[in-house]
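Trainee: For reference, the sequence and a predicted model appear below.
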Amino acid sequence: MKRTITMFLAVLMVAGLATTATARGGYGRGRNYVDADGNGVCDNYGTGCGRGGCRA
């Protein structure tokens, strides 16, 4: 019984950490996401700075 409770708590911890890590990034907010004017649209939209990196 003690082992079952321990395993259950371990699974909850891992699930909680995974959820937190996912939520912190947010949808559509990658490393090239910039919203300096605060309008909710990435300032790099349409410039080629997307998932693959910035194209010069």
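Mentor: Cool, the structure landed. This structure is a prediction, so every number in the text was calculated from the model and none was measured.

Trainee: Could you pull up the residues touching residue 45?
Mentor: Counting by CB atoms under 8 Å, 6 or more residues apart in numbering, residue 45 touches no other residue. All C-beta spots, glycine's among them, are computed from the backbone N, C-alpha and C.

Trainee: so how far is residue 38 from it?
Mentor: Using CB to CB, to the nearest Å, residue 45 is found at 14 Å from residue 38.

Trainee: now swap in residue 44 and tell me
Mentor: 15 Å.

Trainee: One more: residue 12?
Mentor: 36 Å.

Trainee: same question, residue 17
Mentor: Separation of residue 17 from residue 38 (CB to CB): 30 Å.

Trainee: again with residue 13
Mentor: Noted for residue 13: a distance of 35 Å to residue 38, by CB to CB.

Trainee: Neighbour count: those two, which is higher?
Mentor: For residue 13 and residue 38, the more surrounded residue by other CB atoms under 10 Å is residue 13, and the numbers stand at 10 against 6.

Trainee: tell me the phi and psi of the more buried one?
Mentor: The phi/psi pair for residue 13 (degrees, to the nearest 10) reads phi -60, psi -50.

Trainee: From residue 5, how far out is it?
Mentor: 13 Å.

Trainee: same thing with residue 33?
Mentor: Residue 33 is 41 Å from residue 5, by CB to CB.

Trainee: check contacts around residue 33.
Mentor: 42, 44.

Trainee: what helix or strand is it on?
Mentor: Secondary structure assignment for residue 33, by DSSP states H and E: no helix or strand.

Trainee: quick one: the helices in the protein?
Mentor: Assigned by DSSP state H, the chain shows helices spanning 2-25.

Trainee: Alright, I will stop here.
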